[in-house]
Structure formats: C-alpha cells, structure tokens
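> For reference, the sequence and a predicted model appear below.
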Amino acid sequence: AQSVTQLDSQVPVFEEAPVELRCNYSSSVSVYLFWYVQYPNQGLQLLLKYLSGSTLVKGINGFEAEFNKSQTSFHLRKPSVHISDTAEYFCAVSVWGYSGGGADGLTFGKGTHLIIQP
Amino acid sequence: NAGVTQTPKFQVLKTGQSMTLQCAQDMNHEYMSWYRQDPGMGLRLIHYSVGAGITDQGEVPNGYNVSRSTTEDFPLRLLSAAPSQTSVYFCASRGTSGGNNEQFFGPGTRLTVL
C-alpha cells in the first residue's frame, strides 16, 4: 500500500515571498501524484497533477510541483504568494495504472495549512 | 455539468438522531466515495462504491451506512448520530478512463452533533 507524508502541518509565509510545501510518498510501484487545495469553508479543488512525462508540472494560480522519483517527493512551489493563497493544501497519490475496484483510488496526506502574512 | 453536489451544506443533530447526507454526480462516474475531514487528520475514507449496487467499507465505516441504487446518487446515512461524528463530510467521484484516479469533490456538509 502507498502512503503520503506532508512534512509541515503549517507554513507561515510573508506576502510576495516564495513558498515550498513538502510532500513525500512511499509506494512499491509507479504512482500518479496530485496536489489539491481547499480554501476556507470550501471543497477540494485540483491544483495540479503528475501523470507522466516532464517532472516539472505547472498548475493553476502560479503553482508548480516537481516529481523526484529518487527522493520519492512531489514538493509544491510558488515564487510569490498572495493573501488569496491562504488555504489548506493536500498531497495525494494513486497507484499507476490502477483502475480496478477498492479503496486505493487516492491516498491523502494530512494537509499543510499555508498562512500568508501581510 | 454541475459536477458533484451535496446537500445539506450545514446540519445540526442531537445525539441519537438519524439523517441522510445526499450526494449526486452528473459525470457518469463509476466510483463514488465518502470522506470525513477532521482537524489534523486529513481526509479519511468512510465508504465507497465501484458502481450501482456495489459498496464497500473504507477506513472509518462504523456508524455509517451507504447504498448505491443508481450511478448518480450515493447517500450516506447516520442511523444514530454521536458527537464523535461531528465533522465535515465530502463526497467524491472518479471515472475509470486513463487510470489516473483524479477525484472530483463536492462542496461538503458541515455536521455538528450535540
């Protein structure tokens, strides 16, 4: 079974500063990787995903993530954050090629709360 | 497409009361799931369904029942609510094509059990 570790439960950052939210995963097989964002009092929205190909993935709202297979990481970055980026961010993994039944569709990390300070 | 819809948005129950959280999707997705979200716990899978008539338990199924009579609908039932079930509940769906398992989430139901 796969697992996801988000190393920071909370990340405070000043507005217009860069940010990196860390995510590590474990799996014995190839995986797909996702970042979801949850704004206050809302549902989860897909930010970006890595399926195959280029290891640098660009998402919405200026975010990007880099897949590093050797380090089993998928860290999320943004060069300059805004107040509107305040949200909870979830990293998730699914097993590559898995399309059968079962609960292994997605495994989520516990989330990182990004706090933007003015 | 409306995507995944959930009703109600908010609900307050007394201990021992029963209720049903509604979830519907219009994307013809086979897989549907219910998660609960609690502070510091991330999302935990309650029940899921791989198609009409087929359901199974997730990580935290106790106290909840589900059924899947149609592809579109996947209601979650609390038979006798307990304060430990105070949480935010999310319904999600995914298709099978491509195999990447991207989930689409509803807006959530915030449930308080007194």
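It's in.

> how near is the residue nearest the centre of chain B to residue B:103?
Centroid-nearest residue in chain B, with Cα atoms, centre = their mean: residue B:34, separated by 2.7 Å. For residue B:34, the distance to residue B:103 equals 12 Å [Cβ to Cβ, to the nearest Å]. Backbone N, C-alpha and C define where each C-beta goes, glycine included.

> neighbouring contacts of stretch A:30-37?
For stretch A:30-37, contacts defined as Cβ atoms under 8 Å, 6 or more residues apart in numbering or on different chains pick out A:2, A:21, A:23, A:25, A:44-51, A:59, A:61, A:63, A:65, A:67, A:74, A:76, A:87-97, A:106, A:108, B:100-102, B:105.

> So which of the residues you listed are in strands?
Mapping these onto strands (DSSP state E) picks out A:21, A:23, A:25, A:44-50, A:65, A:67, A:74, A:76, A:87-95, A:108, B:105.

> Now which of the residues you listed would you call buried?
By neighbour count, with 16 or more other Cβ atoms under 10 Å in any protein chain shown, the ones in strands among the contacts of stretch A:30-37 hold A:21, A:23, A:25, A:44, A:46-50, A:65, A:67, A:74, A:76, A:87-95, A:108, B:105 as buried.

> Residue B:64 against residue B:77, yeah?
Yes. Using Cβ atoms under 8 Å, residue B:64 is in contact with residue B:77, at 6.8 Å.

> Comparing the two, which shows the higher neighbour count?
residue B:64 (19 against 14; other Cβ atoms under 10 Å in any protein chain shown).

> who's in contact with the more buried one?
The contact partners of residue B:64, by Cβ under 8 Å, 6+ apart, come to B:34, B:46-47, B:76-78.

> bridging residues for it?
Beta-bridge partners for residue B:64, by DSSP bridges, are residue B:78.

> Quick check: next helix or strand after the helix-or-strand element of chain A with minimal mean pLDDT?
None of the helices or strands of chain A scores lower by mean pLDDT, DSSP states H and E than strand A:107-108, at a mean of 84. Per DSSP states H and E, the first helix or strand lying C-terminal to strand A:107-108 is strand A:112-117.
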